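**Student:** below: sequence and its predicted model.
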Amino acid sequence: MPDPNNQEIAQILTEIASILEIQAENPFRIRAYRKASLVIANLAKPLSIVYQEEGEKGLENLPGIGKNIAQKIVEILETGGLAQYQQLQQEIPPQLLHLVDIRGLGAIRLRTLHEKLGINNLDDLKKAANGGKIRQLPGFGEKSEENIIKGVTDYEKHVGRYLLVRALPYAQELVDYIRQMSGVAMVEMAGSVRRRRETVADLDILVAGKPDIPLYNHLKGYNKIKEIPAHGETKITLVMEMGIQSDVRLLAPESFGAGMLYFTGSKQHNIALRRRALERGWKLSEYGLFSGEKRIAGVTEEEIFRILDLPFIPPELREDQGEIEAAESGRLPRLIRQEDLKGDLHDHTNHSDGYHSLEQMAEAAKNMGYQYLAITDHSKSQTQARGLDENRLLQQIEQIDQLNANLKDFRVLKGMEVDILKDGSLDLPVEVLQKLDCVVGSIHSYFNQPKEETTARMIKAIRSGVVNIIGHPTARLLQEREPVELDMLEVMKAAKKQGVVMELNAHGNRLDLHDAHCHLAKELGVKISISTDSHNCLQLPVIQYGISTARRGWLEAGDVINTLPGDELLKFLRGQRKDRDTQF
DNA sequence: GCCGTTTTCGGCCCGACTGTTTTCAGTCG
């Protein structure tokens, strides 16, 4: 695996952790690999560059990465592989370690299943569970078996799809690689990656050039490819190292725009556009917009839209969710852009489970071009995250005051991510929370409550009088945990009434609220905060995925509170409490 | 395996829930 990127390196470390776990290794050692993997997966800067610029020392300076793992990273970067990893892979059936991703099934029970029932892969597991074999094992029972079957069903739902945060860097690298080739006029990514869907099944890359350019030969030389299962004159199918499939298509330059439109989709959007062309007596295909035999447009998407009497519709909106009607009547939103954001309102430090200090986080946020950063560490019931109790919070408030006194043109907001407890009450007294600039209320426990209970719990928090923002409202983890059952409409209505903001958590496996929820919020007039939930300063750039989701949810700068300049934001946050119909 | 330090070794993610078992192991957040 030459030139491994951060995702690939992170994946190796995760797999090492899983294997060690099945082997019942030292849990702290396992955790160290997991943590390092997480840090790398969320790192904006490629490790190869870090290594190039600062050497092994630079790698060691990253949070969670010490001498040992730094050396392994160097080995991966320089040789494309890792001896220890290859060794470990020999010791475990290759499919087995993926099964730890199934909910309810940890490494220990997986080992038991492997040893007692000879389970080596998903099929074995399904057969054993459906055949009632698992319930007979000591320590397992009927219920365990049921849970495993349910876990397998959830697992199968997302198998074969990739998180945007993982897929996008691949697509970008492939585009960059093809761009180096001479004779290539244009290269762009299309498909659901371009629409920035939260997960994608494959990558679509479009290339404009003459039909005789040696695209296949060029791609054969790409070192990230595992195999090329098919190649014709206009389409080459690649399987990338990490398993994701990529279709590279060669188009004539005169139909490149039509191809972009066609292959970006969505299917429903394309159908609607083709209907529109038909109504005008034309035909729209991936080769162009035609009047009879004559191509009247096709080089660019803009040109095709224009001839169809439409303004350019941003790819994120192309889901046939009313975007064509909106475009027609001049009501397309001016979608929010990353540069509209003035700060991040949900971030952790080493006071709880973050890695960097207050000062480091502030510095990093300033370097992002922000005016402010809210520090929202966990509250005390999050013991595993070393959540803050009242006293530690008061100390942090003092520290932030001192820090702010020394900062110019930047402000750290005093905040907390306070737990919304089982009954909807908050984890710290309202009088303490009132001392803060920005209170994010989040659910971190009892995810399985019935819908009515969770809804009531959220609404109670919204009515607390002190919560400014509801954090990651559905608590889902993409491909890991289903969202809590919640009447989102009722919650949003309550939020609107109380002037409480809903968060769009930008973390790559949260994206919570999701796009449709954002759209709903906009319709109801509920304001949104787009924040990263960063646990170290290297995570701040994942804000881009929040922005993508917001754009898919039709949000404009005015819908998002952290587009406000610092002083206006503070006024807004203070006004939230004052204006509120408080019920304790 | 990382980290921090009272610097080279000890602490690190603890508490709750679930299901199985009848006092606790495994899993999760």
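**Tutor:** Received the coordinates, thanks.
**Student:** okay, now the unreliable bits of chain A?
**Tutor:** A:1-2, A:579-584 (pLDDT under 70).
**Student:** just want the residue of it that's nearest DNA strand B.
**Tutor:** Per CB to the nearest atom of the strand, A:Gly141 is where chain A lies closest to DNA strand B, at 2.0 Å. Bear in mind the C-beta positions are built from the backbone N, C-alpha and C, glycine included.
**Student:** test my guess that that residue contacts A:Arg135.
**Tutor:** Yes. A:Gly141 lies in contact with A:Arg135 (CB atoms under 8 Å); the separation is 5.6 Å.
**Student:** more neighbours: which of the two?
**Tutor:** A:Arg135 (16 against 13; other CB atoms under 10 Å).
**Student:** right, and that one touches A:Ser144 too?
**Tutor:** Yes. Here A:Arg135 reaches A:Ser144: they are 7.0 Å apart, a contact under CB under 8 Å.
**Student:** near DNA strand B, which residues of the stretch 1-150 of chain A are found?
**Tutor:** A:26, A:28-29, A:31-33, A:35-36, A:60, A:62-70, A:103-110, A:112, A:135, A:138-145, A:147 (CB under 7 Å from any atom of the strand).
**Student:** need the buried ones from those selected in ChimeraX.
**Tutor:** Buried residues within those, by 16 or more other CB atoms under 10 Å, are selected in ChimeraX with:
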select /A:32,33,35,36,60,62,63,64,65,69,70,105,107,109,110,112,135,140,144,145,147
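**Student:** do the strand or helix carrying A:Gln396 and DNA strand B come into contact?
**Tutor:** Assigning secondary structure by DSSP states H and E places A:Gln396 in helix A:390-406. No. Using CB under 7 Å from any atom of the strand, helix A:390-406 stays clear of DNA strand B, coming no nearer than 14.4 Å.
**Student:** residues contacting the residue of chain A closest to DNA strand B?
**Tutor:** Each residue near A:Gly141 by CB atoms under 8 Å, 6 or more residues apart in numbering is listed here: A:Arg135.
**Student:** now swap in A:Arg29 and tell me
**Tutor:** A:Leu20.
**Student:** also A:Ala461?
**Tutor:** The contact partners of A:Ala461, by CB under 8 Å, 6+ apart, come to A:420, A:424, A:426, A:441, A:467, A:470.
**Student:** cool, A:Val193 as well?
**Tutor:** By CB under 8 Å, 6+ apart, the residues touching A:Val193 are A:164, A:167-168, A:171, A:200, A:203-204.
**Student:** now tabulate those residues in TSV and tack on neighbour count, distance to A:Gly558 and secondary structure.
**Tutor:** Formatted as TSV, those follow (neighbours: other CB atoms under 10 Å; distance: CB to CB, whole Å; DSSP: H, G, I helix; E, B strand; the rest coil):
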residue	neighbour count	distance to A:Gly558	secondary structure
A:Leu164	25	25	helix
A:Ala167	26	31	helix
A:Leu168	22	27	helix
A:Ala171	24	31	helix
A:Val200	23	30	strand
A:Leu203	26	34	strand
A:Asp204	24	33	strand
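**Student:** related to what we said a few turns ago, so which of the contacts of A:Ala461 are also by DNA strand B?
**Tutor:** Of the contacts of A:Ala461, not one also sits near DNA strand B (CB under 7 Å from any atom of the strand).
**Student:** pull out the buried members of those.
**Tutor:** A:420, A:424, A:426, A:441, A:467, A:470.
**Student:** the first one and A:Tyr372: what is the separation?
**Tutor:** Same thing as A:Ile420. 24 Å (CB to CB, to the nearest Å).
**Student:** check A:Lys460 too.
**Tutor:** When A:Lys460 is compared with A:Tyr372 (using CB to CB), they lie 29 Å apart.
**Student:** between the two, which one's more packed in?
**Tutor:** More crowded of A:Lys460 and A:Tyr372, by other CB under 10 Å: A:Tyr372, with 24 against 18.
**Student:** how about the most centrally placed residue in chain A, nearest residue that isn't a chain neighbour?
**Tutor:** By CA atoms, centre = their mean, the mean C-alpha position of chain A lies nearest to A:Gly508, the distance being 1.7 Å. Nearest non-adjacent residue to A:Gly508, counting by CB to CB, 6 or more residues apart in numbering: A:Val165, 3.0 Å away.
**Student:** how about A:Gln396?
**Tutor:** That would be A:His351: by CB to CB, 6+ apart, it lies 5.7 Å from A:Gln396.
**Student:** now do the same contact list for the one you found.
**Tutor:** A:His351 neighbours (CB under 8 Å, 6+ apart): A:358, A:375, A:377, A:386, A:388, A:392, A:396.
**Student:** do the same with A:Arg337
**Tutor:** By CB under 8 Å, 6+ apart, the neighbours of A:Arg337 are A:547, A:557.
**Student:** what does stretch A:304-322 contact?
**Tutor:** Counting by CB under 8 Å, 6+ apart, A:194-196, A:257-258, A:261, A:264-266, A:268-269, A:271-273, A:276-277, A:280, A:284, A:289, A:296-298, A:301-302, A:323-324, A:327-328, A:330, A:332, A:335, A:519, A:548, A:551-552, A:554 sit against stretch A:304-322.
**Student:** show me which residues of the stretch 301-450 of chain A are close to DNA strand B?
**Tutor:** Close to DNA strand B, as judged by CB under 7 Å from any atom of the strand, the stretch 301-450 of chain A has residues A:383-386, A:444-448.
**Student:** the same query, at a cut-off of 6 Å, please.
**Tutor:** A:383-384, A:386, A:444, A:448 (CB under 6 Å from any atom of the strand).
**Student:** per-domain residue ranges of chain A.
**Tutor:** With domains defined by automatic domain parsing, chain A comprises A:6-158, A:163-328, A:338-578.
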